[in-house]
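Q: Build the 3D model from these lines:
(one chain, ligands or ions: 1)
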Amino acid sequence: MTEKISFRSTSRTFEVGGKPFHALQNVDLDIADCEFVTVVGPSGCGKSTLLNIAAGLVEPTGGEVLVDSRPVRGPGPERGVIFQQYALFPWLTVRQNVEFGLQIAKVGRAERRRRAQHFIDLVGLTDFADALPRMLSGGMRQRCAIARAYAVDPGVLLMDEPFGALDALTRVQMQDQLLATWGSERRTVMFITHDVDEAVYLANRVVVMAARPGRVHEVIDVDLPYPRTEAVRLSPEFSRIRNRVWRAVYHQTPQEGASQ
Ligand SMILES: Nc1ncnc2c1ncn2[C@@H]1O[C@H](COP(=O)(O)OP(=O)(O)OP(=O)(O)O)[C@@H](O)[C@H]1O
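A: Have a look, this model is predicted:
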């Protein structure tokens, strides 16, 4: 397996009320090239902190994270980040938003156009390319954010609850859309969610974290075929894995001697 992202004894301690708080302690995790890994766990177990360390937005206080075997020292164009809040520029159209990163990367106008159009089409926003974000639904805005992240051609996509603000139906549609995009444009994806069904439906592997201290509790393989379809979602095998992840998340016993 070629590792794309490697967390090596990654730890992060925050000072809370004058005392150290172990948001993450010794996380070891390898994510293979082109793998889709989802991360679930109880609130506060350090999911966002882990993703932000990979994004280069938070520094680890111990250990490190490697991307393409190089230690992460800050944000970089090879790692696209998508948050729950869409973070689009409200005064730019869909097309201008998608082209923005390419402009920064000094990609020529014609190539910028071509690449932006490709990803706008891929996420199903062809008819809305000239619309402003406020004219779009939540799901469409998030699709625009996904197109924008893909357009700059990052090897890694880091997604923090990207569908958390969407209604249940839109959310399921977005999952299919994301998998279709990932199917044709393979990238390594690390995807955080609170939704166990979503975690299983999308992933090659589900990482279940535990809190106090934040750590990897269990890594569960999702041995289901792609493309994932409704038939997969309704299969007994899906239920079996979902139930296993559910138990791992909700029936965690606190670590012996853990005080925080
Ligand atoms: N800048 C900070 N200063 C102090 N504590 C922090 C800071 N950032 C995160 N924490 C703490 O670290 C822990 C992990 O936070 P994090 O946001 O990574 O968890 P999470 O698993 O993503 O939570 P949620 O599922 O609720 O979004 C939390 O207890 C949080 O309060």
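Q: which phi and psi does whichever residue of the stretch 101-250 of the chain sits closest to the ligand have?
A: Of all residues in the stretch 101-250 of the chain, Gly214 sits closest to the ligand, at 5.8 Å by Cβ to the nearest ligand atom. (C-beta placed from N, C-alpha, C; glycine too.) Gly214 has phi and psi values of phi -60, psi 130 when expressed as degrees, to the nearest 10.
Q: what number of residues lie near the residue lying closest to it once chain neighbours are set aside?
A: With Cβ to Cβ, 6 or more residues apart in numbering as the criterion, Gly214 has its nearest non-adjacent residue at 2.7 Å, and that residue is Gly46. Gly46 has 27 neighbouring residues, counting by other Cβ atoms under 10 Å.
Q: ditto for Leu66
A: 16.
Q: need the contact list for it.
A: Leu66 is in contact with 3, 5-6, 8, 72, counting by Cβ atoms under 8 Å, 6 or more residues apart in numbering.
Q: Which ones among those residues map onto strands?
A: Per DSSP state E, strands hold the following members of these: 3, 5-6, 8.
Q: Which one (most neighbours) among these?
A: Ile5 (23 neighbours).
Q: Against Asn26, how distant is it?
A: Computed as Cβ to Cβ, to the nearest Å, the Ile5 to Asn26 distance reads 16 Å.
Q: Next: Asp160.
A: 22 Å.
Q: Which one's more surrounded, the two?
A: In this view Asp160 and Asn26 are compared by other Cβ under 10 Å, and Asp160 has more residues nearby, 21 against 16.
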